[in-house]
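K.L.:
Let me see the structure of the following:
(one chain, ligands or ions: 1)
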Amino acid sequence: MQYSKKVLEHFAEPHNVGTMDDADGVGEVGNAVCGDVMRIFIKVKDDRIDDIKFQTLGCGAAIATSSMVTDLAKGKTLDEAMTINRDNVATQLDGLPPVKMHCSNLAADALHAAIEDYRKKQAAKAG
Ligand code: FES
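P.N.:
Below is the predicted model:
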């Protein structure tokens, strides 16, 4: 299997790894096929993603795509971040082997889940 140089770079030195105790939203998704799990934590300020961290128990492609998703989402408005999908992630990484495309879905889905979690909490606060 051939990975692009960018995938290997993000795998070797992933950006924004870690957890957040005071996250405004947390998204967790699992992949039923491979059993990998990904968690994304976001801090929101003025409707923008002010800070973002991820934790991935998964394959190299899942780690590289999580790293890329967090880079893409940082500083974006929530609506903009919701438009990030597996195709943008794979393109930014200069492609992924076809059998690994589902791994990039995991990262985008976890980001969307974190934003939905944040929005749900805000709606609950507003009563
Ligand atoms: Fe499971 Fe990549 S093989 S996310």
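
K.L.:
Break down the chain into its helices, ranges please.
P.N.:
5-12, 60-73, 78-82, 86-92, 101-126 (DSSP state H).

K.L.:
Quick one: mean pLDDT over the last one.
P.N.:
Taken as a whole, helix 101-126 carries a mean pLDDT of 93.

K.L.:
ok, for residue 25, nearest residue in space, not its chain neighbours?
P.N.:
Once its chain neighbours are removed from consideration, residue 25 has its nearest residue in residue 118; the separation is 2.9 Å (C-beta to C-beta, 6 or more residues apart in numbering). For every residue, glycine as well, the C-beta is placed using N, CA and C.

K.L.:
for residue 66, what are its contacts?
P.N.:
For residue 66, the contacting residues are 14, 38, 40, 54, 56, 106-107, 110, taking C-beta atoms under 8 Å, 6 or more residues apart in numbering as the criterion.

K.L.:
again, 7 Å this time
P.N.:
Residues in contact with residue 66 (C-beta atoms under 7 Å, 6 or more residues apart in numbering) are 14, 38, 54, 56, 107.

K.L.:
count of neighbours near the second one?
P.N.:
Residue crowding around residue 38 was assessed by other C-beta atoms under 10 Å; the count is 26.

K.L.:
Go ahead and confirm it touches residue 109.
P.N.:
No - with contact taken as C-beta atoms under 7 Å, residue 38 and residue 109 are classed as non-touching, separated by 8.1 Å.

K.L.:
Next, count neighbours for residue 102.
P.N.:
Counted with other C-beta under 10 Å, the neighbours of residue 102 add up to 16.

K.L.:
how far away is it from residue 38?
P.N.:
12 Å (C-beta to C-beta, to the nearest Å).

K.L.:
ok, now residue 30?
P.N.:
From residue 30 over to residue 38 (counting by C-beta to C-beta), the distance is 8 Å.

K.L.:
and the lowest-mean-pLDDT helix or strand in the chain, what does it pack onto?
P.N.:
Lowest on mean pLDDT, DSSP states H and E among the helices and strands of the chain sits helix 86-92, with a mean of 90. The contact analysis (3 or more C-beta pairs under 7 Å, 6 or more residues apart in numbering; DSSP states H and E) places helix 86-92 against helix 60-73, helix 101-126.
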